[in-house]
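> sequence plus the predicted model coming up.
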There are 2 protein chains.
Amino acid sequence: MKFEYQNPTRLVFGAGSLNQLGEIAGELGKKALIVTGGGSVKKNGTFDKAVSSLKAAGVAMAECSGVEPNPRIATVRRGAEIARKEGCDIIIALGGGSAMDASKVMAAAVYYDGDPWDMIFHGQPDPYFPTKALPIITVPTLAATGSEMNCGAVITNEESSEKSFVQAPCLFPSVAIVDPELTVSVPKDQTAYGVCDIITHITEGYFNSADNAPVQDRFAEGAILTAMECGQKAIADGTDLDARTHVQYASIVALNGWIQSGISAGFPVHMIEHTVSAFHDVTHAAGLAVINPAWMRFAAKSNTAKFVQFGERIFGVKAKGADDLDAAMEGIDRFEEFLKSIGCPTRFSELGIDEKLIEKYAQETLRIIYDEDGNLPGLPPMSEADIIGVLRAAL
Amino acid sequence: MKFEYQNPTRLVFGAGSLNQLGEIAGELGKKALIVTGGGSVKKNGTFDKAVSSLKAAGVAMAECSGVEPNPRIATVRRGAEIARKEGCDIIIALGGGSAMDASKVMAAAVYYDGDPWDMIFHGQPDPYFPTKALPIITVPTLAATGSEMNCGAVITNEESSEKSFVQAPCLFPSVAIVDPELTVSVPKDQTAYGVCDIITHITEGYFNSADNAPVQDRFAEGAILTAMECGQKAIADGTDLDARTHVQYASIVALNGWIQSGISAGFPVHMIEHTVSAFHDVTHAAGLAVINPAWMRFAAKSNTAKFVQFGERIFGVKAKGADDLDAAMEGIDRFEEFLKSIGCPTRFSELGIDEKLIEKYAQETLRIIYDEDGNLPGLPPMSEADIIGVLRAAL
């Protein structure tokens, strides 16, 4: 176990913390670009509250609204252009993962003369690695992506049907203002997708690392159990602020490095999902809910002991030993049942996706990311045939 | 659950990472004050390796050796004086918690004209709160205090028999270089004390917060389980680098804020122990091992559900319900048995401490820290009689 970890983001957490936005923004800049998504923050009053807080603190504003659920590079270009033209010196993401991810790349694009798509790793030999960005404040309105407290962003190129990521230390938000009250109005289906997203962030690291990392395993299991327990409560009663609070906190720790440090994780389920959703524009977590159980059944054959541990510690499945594949599969079945129980799809047919482009998805995934043998990194690494097999099992 | 969290320390973790010391120090300064403890780092070659790495990177050095196990304010004064006189612009702590804690206060004392004891909270109405310090690199040679990645320090005033703490953002180490290989030579008893120290850091937060914090609970339980499992292995075979690695990592996460964020923790066991060890200069963790089970039995009477959860999740104790005090007490008995099994004392008599000064310890503890009702903060808050009762139960 050999690694480096540093996460400088200041986390301001708790119901009502949105009220601190103006004061905090005023410490970082004079004019903010507020980046928002599809309009729900305007309908439910969150936008007005944010604007009031900024005004009271004397922070000026410009706006970039309409960031799509799978945020597009054209939107990033547009936001960066507004920030430049308006002389913004700080970016505030007020929304879900898409607003946050787009904001991060906008913040770096302001300092980059080329096309921001150069930063998004899409198989090009020499991507541009950003080293400077405007200060970013994330204000998530959904518990899902964990983008609020990490340095990654996922962007879609709508012209080339590519969806991929950038990670760079300059993209760490300066401050994450995480106010669980903002998630109380999130509808049941989006809440469930958020829970699935949180859990999948954790399972990727948990199952794809060959390292022995017992603390990280326990942390992962603890965050999964909490996301499941409190997620069910938040779905049953959206106004349960206590449940919302713990789901929100699970979302942060799922992807801020506290669980991933020291484990050499691939993200195969995400990589495959990115390709599928670049072609079909499905909700990210819906794609994950379909692909993850199918991937698990594939991976459990070679990494049985870890799946046995998962089944035991998450679902109390009794195993005959670390090589008990039946017990491993039972744990995966139980996980799939959980996804169904909260209303997630678990087959492509539920998303209106058929087998037509299966080979294309596999090829595209491997064009964007591959190890020295040409396989998709993960445990085990996946050939094109492996990816097709997993996708086919999920039809 | 309302809180702020920020920890800017860069963590460089893994066997062999000591070799990076020179390079990393060179990024932060030109002349380092190396602070060490009783001499083991010189005997086992760690000091020479550190010096070689610094020399190779062209970093000059001065030295402050001989920091005591309970570091004294006189030593802090001496170290700050050397740093000033030698023009050091960086402090490197190479040792256990005492070297790290002393280094932090030295780093701030360099910028403070008054007496560094002013920074240590000891019941004075207006302590000096440090806001500036030299950059600090911690290189722990023991898995125990967690000081490597937090902003706290505990210092003893040998003249007044006071032992207390300071916490300030400027005391976060710039870099923590955590190399588990350095702990391979730690003897069995010190390894066991380290495990006890790690676990006690976690139980303080776990049992003393009234907040409902399920993620933090799971993280706490995960780190305790790992410290116990891998701690036993490291005690049985000191050369088990894998076990040493995970104990070392548990030590970091036990007190870097990942478990404490969002919970309003008192540290009653530490506060009582500080007073006792200020009078008797016992090993910190030996004092904790004696006081913690006695405190637990006191606290379990009012906070039964949390102790039931502890017994269930750590030791598999079956309870009839959340108010099953017998099950709670069984969990505490099992914990005390664990401490004994690794060779920790669990009664004051084993430390040569009798009842003579019991009232004095209680009074001194409450002179240094108290809530608005004059009680020691914790769950439940403790009166003088409560503290005396716990101490008497541990005789």
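On my side now, so go ahead. Numbering: from 1, shown residues only, chains lettered A, B, ... in the order given.
> just the helices in the stretch 251-395 of chain A please.
Applying DSSP state H, counting those that start in this stretch to the stretch 251-395 of chain A gives helices spanning A:268-280, A:284-300, A:304-315, A:325-341, A:358-368, A:384-393.
> export the ones you listed to JSON lines and append columns for mean neighbour count, distance to B:Thr75 and mean pLDDT.
The way it works is simple: take the backbone N, C-alpha and C, and place the C-beta from them, glycine included. As requested, the helices of the stretch 251-395 of chain A are arranged in JSON lines below (neighbours: other Cβ atoms under 10 Å in any protein chain shown; distance: least, Cβ to Cβ, whole Å; pLDDT from 0 to 100):
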{"stretch": "helix A:268-280", "mean neighbour count": "24", "distance to B:Thr75": "51", "mean pLDDT": "93"}
{"stretch": "helix A:284-300", "mean neighbour count": "25", "distance to B:Thr75": "54", "mean pLDDT": "97"}
{"stretch": "helix A:304-315", "mean neighbour count": "21", "distance to B:Thr75": "46", "mean pLDDT": "98"}
{"stretch": "helix A:325-341", "mean neighbour count": "18", "distance to B:Thr75": "54", "mean pLDDT": "98"}
{"stretch": "helix A:358-368", "mean neighbour count": "19", "distance to B:Thr75": "56", "mean pLDDT": "94"}
{"stretch": "helix A:384-393", "mean neighbour count": "18", "distance to B:Thr75": "60", "mean pLDDT": "98"}
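> okay, these in JSON lines with distance to B:Pro214 next?
Listed next are the helices of the stretch 251-395 of chain A as JSON lines, based on distance: least, Cβ to Cβ, whole Å:
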{"stretch": "helix A:268-280", "distance to B:Pro214": "25"}
{"stretch": "helix A:284-300", "distance to B:Pro214": "22"}
{"stretch": "helix A:304-315", "distance to B:Pro214": "14"}
{"stretch": "helix A:325-341", "distance to B:Pro214": "17"}
{"stretch": "helix A:358-368", "distance to B:Pro214": "35"}
{"stretch": "helix A:384-393", "distance to B:Pro214": "32"}
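> got the CA positions of stretch A:97-117 in CSV?
Extracted in CSV, the C-alpha atoms of stretch A:97-117 (Å, rounded to 0.1, in the frame of the first residue of the first chain):
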residue,chain,number,x,y,z
GLY,A,97,-23.0,16.6,-10.6
SER,A,98,-23.4,18.0,-14.1
ALA,A,99,-23.4,21.7,-12.9
MET,A,100,-20.4,20.9,-10.6
ASP,A,101,-18.4,19.0,-13.3
ALA,A,102,-19.1,21.6,-15.9
SER,A,103,-18.1,24.4,-13.5
LYS,A,104,-14.7,22.7,-12.8
VAL,A,105,-13.8,22.6,-16.4
MET,A,106,-15.0,26.1,-17.0
ALA,A,107,-12.8,27.3,-14.2
ALA,A,108,-9.8,25.8,-15.9
ALA,A,109,-10.9,26.8,-19.4
VAL,A,110,-10.8,30.5,-18.4
TYR,A,111,-7.0,30.1,-18.2
TYR,A,112,-6.6,28.0,-21.4
ASP,A,113,-6.5,29.4,-24.9
GLY,A,114,-7.2,26.1,-26.6
ASP,A,115,-10.4,24.1,-26.8
PRO,A,116,-11.5,22.8,-23.3
TRP,A,117,-12.1,19.4,-24.8
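> which of the residues in that stretch are buried?
Buried residues in stretch A:97-117, defined by neighbour count with 16 or more other Cβ atoms under 10 Å in any protein chain shown: A:97-110, A:112, A:116-117.
> keep only those of the residues you listed that are in helices.
A:97-109 (DSSP state H).
> mind checking which of the helices of the stretch 251-395 of chain A is nearest chain B?
Closest of the helices of the stretch 251-395 of chain A to chain B is helix A:304-315, at 10.0 Å (criterion: Cβ to the nearest Cβ).
> kindly list the main-chain dihedrals of the one residue sitting closest to the centre of chain A?
Central residue of chain A (Cα atoms, centre = their mean): A:Thr145, 3.1 Å from the mean position. Phi and psi for A:Thr145, reported as degrees, to the nearest 10, are phi -80, psi -20.
> what about the longest strand in chain A?
Ordering each strand of chain A by length in residues (DSSP state E) puts strand A:3-13 first.
> burial of the residue in the stretch 251-395 of chain A positioned nearest to chain B, as a residue count?
Using Cβ to the nearest Cβ, the single residue of the stretch 251-395 of chain A nearest to chain B is A:Trp258, 5.3 Å away. Under the neighbour criterion other Cβ atoms under 10 Å in any protein chain shown, A:Trp258 is assigned a count of 25.
> ok now do the residue nearest to the residue nearest to the centre of chain A when sequence neighbours are not counted, which residues does it touch?
Once flanking residues are discounted, A:Thr145 sits nearest to A:Gly97: 2.9 Å by Cβ to Cβ, 6 or more residues apart in numbering or on different chains. Taking Cβ atoms under 8 Å, 6 or more residues apart in numbering or on different chains as the criterion, A:Gly97 is in contact with A:Pro140, A:Leu142, A:Ala144, A:Thr145, A:Gly146, A:Ser147, A:Val154, A:Asp197, A:His284.
> just the residues you listed: which are in helices?
Mapping those onto helices (DSSP H) picks out A:Asp197, A:His284.
> and for A:Gly14, the neighbour number?
Using other Cβ under 10 Å, A:Gly14 has 20 neighbouring residues.
> try A:Ser160
By other Cβ under 10 Å, the residues close to A:Ser160 number 12.
> who are the neighbours in contact with it?
Contacts of A:Ser160 (Cβ under 8 Å, 6+ apart): A:His122.
> can you list the ones in helices among the buried residues of stretch A:97-117 in CSV and add pLDDT?
Below are these laid out as CSV (pLDDT from 0 to 100):
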residue, pLDDT
A:Gly97, 95
A:Ser98, 95
A:Ala99, 98
A:Met100, 98
A:Asp101, 98
A:Ala102, 98
A:Ser103, 98
A:Lys104, 98
A:Val105, 98
A:Met106, 98
A:Ala107, 98
A:Ala108, 98
A:Ala109, 98
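> with respect to A:Ala322, which of those residues is nearest?
Using Cβ to Cβ, A:Gly97 is the member of those that lies nearest A:Ala322, at 35.8 Å.
> A:Lys233 is in contact with A:Thr191, correct?
No. Using Cβ atoms under 8 Å, A:Thr191 makes no contact with A:Lys233, being 10.2 Å away.
> coming back round to it: output the helices of the stretch 251-395 of chain A as JSON lines; include the columns distance to chain B.
Converted to JSON lines, those look like this (distance: least, Cβ to the nearest Cβ, whole Å):
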{"stretch": "helix A:268-280", "distance to chain B": "22"}
{"stretch": "helix A:284-300", "distance to chain B": "20"}
{"stretch": "helix A:304-315", "distance to chain B": "10"}
{"stretch": "helix A:325-341", "distance to chain B": "17"}
{"stretch": "helix A:358-368", "distance to chain B": "30"}
{"stretch": "helix A:384-393", "distance to chain B": "30"}
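> ok, which of those comes nearest B:Val390?
That would be, of the helices of the stretch 251-395 of chain A and by Cβ to Cβ, helix A:304-315, which comes in at 34.5 Å.
> on that earlier part again, show me which of the contacts of A:Gly97 is closest to chain B.
Distance ranking of the contacts of A:Gly97 against chain B, using Cβ to the nearest Cβ, places A:Gly146 first at 13.0 Å.
> how many other residues sit next to the nearest residue to the closest one once chain neighbours are set aside?
Closest residue to A:Gly146 in three dimensions, ignoring its sequence neighbours and counting by Cβ to Cβ, 6+ apart: A:Leu255, at 3.0 Å. The tally of other residues near A:Leu255 (other Cβ under 10 Å) stands at 24.
> list the contacts of A:Leu54.
Residues in contact with A:Leu54 (Cβ under 8 Å, 6+ apart) are A:Leu21, A:Gly22, A:Ala25, A:Ala32, A:Ile34, A:Met61, A:Ile92.
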